[in-house]
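> Here you go, sequence then predicted model.
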Amino acid sequence: MTIKNINLVNFRNYNKERIEFCDNINIIIGDNAQGKTNILESIYVLAFTKSHRTSNDNNLIKQNEDFCKVSGTISIDNIDSFLEFFLSNNEKNVSIDKKNIKKFVEYVSKFKIVIFAPDDLEIIKGSPSIRRKFLNTEISQLDKVYLYHLNEYNKYIKIRNEFLKKMYDSNNQSNKLYLSILDENIINKALYIYQKRFEFINNLNDIISNIYYDITGDKKLSLKYDNKLGIECFNEEKVKNILIKKFKDNLDRDIFTSSTNFGPHKDDFSFYLNDTDLKMFGSQGQHRSAVLSLKLSEIEIFKQKINDTPILLLDDVFSELDDTKKNNLIKYINSDIQAIVTTTDIKEISKCLLNNSYIYQINKGKIERIEKNGKTTL
Ligand SMILES: Nc1ncnc2c1ncn2[C@@H]1O[C@H](COP(=O)(O)OP(=O)(O)O)[C@@H](O)[C@H]1O
Ligand SMILES: [Mg+2]
């Protein structure tokens with residue numbers, strides 16, 4: 001799939017701007033704090049209805065304005081769709097071809113992107129919640145039913161935790177029937193989430209080691225799913241029984257802490273180079289290569305599962321990579337994928353990429369297309 005253009009109104013530091021994208025490489029050049037990441041963020045918002053770098057939607061609205069709008073045309077199998085995202089202080093709407101979509105789950109599955117930004121190193125170094133967010137975001141793009149079950153799961157966990165607090169406060173444990181109904185619902189949703197996470201991590205493991213080897217010529221990279229279920233592969237009956245037992249065994253502790261101490265909301269996964277846990281022992285360079293391999297593996301999974309390529313967003317990553325890794329990345333980008341790449345320095349971008357590209361210069365929220373043989377020499 002490709003994105004043909006994007007229109008911004010009052011988004012971050014943009015007043016009213018439009019960019020036309022080409023189907024291959026689009027390069028956005030600009031000094032720091034000019035609005036490069038904001039462009040990628042707007043594309044992310046158009047895909048997910050929320051930002052990848054803030055959980056506060058209001059930050060997206062230009063200062064002193066009361067709404068923002070992002071819209072764009074995407075093309076899937078040569079069929080165009082017009083996506084729109086509107087946000088004000090009290091309203092958030094999305095539409096496809098001017099038709100309002102009430103359920104965001106229906107909207108989010110449409111437009112697929114893979115983003116690689118410097119902050120993604122946190123997928124290795126950061127807290128488990130960052131890795132869960134990664135799993136949720138990526139699996140949701142492949143399977144909207146997953147997002148539906150995840151939202152339901154989170155809703156039930158919230159209700160359960162509130163109920164546990166009531167039980168604790170009133171010292172009354174008589175209403176176990178209500179709790180058992182809640183638990184049944186939670187376990188049903190949890191089963192789907194575990195199944196899809198097992199599947200996704202297995203899919204990544206089929207690919208990531210080869211990609212890491214291609215990029216680094218180095219040892220075997222693998223992912224280890226840490227779900228505390230104590231099993232190697234998913235089996236619905238088995239997982240169901242484990243969950244029933246865990247919920248039962250943990251009940252006193254759950255009431256005491258007014259929280260649910262077991263379930264996919266506690267999941268984690270880690271990166272291993274042979275037998276070494278990268279989080280503990282990896283170098284910065286190894287972390288970077290591992291995350292890059294992860295992102296490139298995702299592209300492969302998209303190709304396999306949805307028979308289409310996602311749009312690749314690369315935020316300021318070239319300057320951090322050495323030449324070999326840069327060339328390997330370029331090899332992937334130069335295949336049949338649309339990429340939108342930001343950089344502060346055009347010299348970081350290899351000549352072979354420039355040939356197939358549109359180039360934009362950004363200056364204080366103003367966007368200007370640069371003709372390669374025109375007014376600006378590159
Ligand atoms: N809500 C907002 N309203 C106005 N300006 C904003 C808003 N959010 C961020 N900015 C501005 O956007 C700029 C940063 O944009 P960004 O895309 O992160 O820069 P970079 O080019 O370094 O990637 C800064 O100048 C910041 O002040
Ligand atoms: Mg930036």
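Alright, I've got the coordinates. Numbers count the residues shown, from 1 in each chain. Ligands and ions are numbered 1, 2, ... in the order given.
> in the strand or helix carrying residue 301, what's buried?
Residue 301 belongs to helix 284-306 when assigned by DSSP states H and E. Going by neighbour count (16 or more other CB atoms under 10 Å), the buried part of helix 284-306 is 286-302, 306. Yep, even glycine has a C-beta here, placed from its N, CA and C like the rest.
> now stretch 183-191
For stretch 183-191, the neighbour count (16+ other CB under 10 Å) marks 183, 186, 187, 189, 190, 191 as buried.
> now these in CSV, with pLDDT?
CSV is the format used below for the buried residues of stretch 183-191 (pLDDT from 0 to 100):
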residue, pLDDT
183, 97
186, 98
187, 98
189, 98
190, 98
191, 98
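> For these, could you give me JSON lines that also reports distance to residue 50 and secondary structure?
Listed next are those as JSON lines, based on distance: CB to CB, whole Å; DSSP: H, G, I helix; E, B strand; the rest coil:
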{"residue": "183", "distance to residue 50": "30", "secondary structure": "helix"}
{"residue": "186", "distance to residue 50": "24", "secondary structure": "helix"}
{"residue": "187", "distance to residue 50": "28", "secondary structure": "helix"}
{"residue": "189", "distance to residue 50": "21", "secondary structure": "helix"}
{"residue": "190", "distance to residue 50": "24", "secondary structure": "helix"}
{"residue": "191", "distance to residue 50": "26", "secondary structure": "helix"}
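> Tell me which ones among those also neighbour ligand 2, please.
Counting by CB under 5 Å from the ion, nothing from these sits close to ligand 2.
> Closest one of those to residue 253?
For those, the closest approach to residue 253 (CB to CB) belongs to residue 183, at 14.6 Å.
> who's in contact with the nearest residue to that closest one once chain neighbours are set aside?
Distances taken as CB to CB, 6 or more residues apart in numbering put residue 247 closest to residue 183, at 5.1 Å, once the chain neighbours are dropped. Under the criterion of CB atoms under 8 Å, 6 or more residues apart in numbering, the contact list for residue 247 reads 183, 186, 187, 254, 262.
> What is the most widely separated pair among those?
Counting by CB to CB, the most remote pair of the contacts of residue 247 is 187 and 254, 14.0 Å apart.
> Which helix or which strand is home to residue 325?
Under the criterion of DSSP H and E, residue 325 resides in helix 323-333.
> Now that helix - C-alpha only, CSV.
Backbone C-alpha positions of helix 323-333 (Å, rounded to 0.1, in the frame of the first residue of the first chain) are rendered in CSV as follows:
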residue,chain,number,x,y,z
ASP,A,323,27.9,2.3,6.5
THR,A,324,27.4,-1.5,6.4
LYS,A,325,24.1,-1.3,8.3
LYS,A,326,23.0,1.7,6.4
ASN,A,327,23.6,-0.2,3.1
ASN,A,328,21.7,-3.2,4.4
LEU,A,329,18.8,-1.0,5.4
ILE,A,330,18.9,0.7,2.0
LYS,A,331,18.7,-2.7,0.3
TYR,A,332,15.4,-3.3,2.1
ILE,A,333,14.1,0.1,1.3
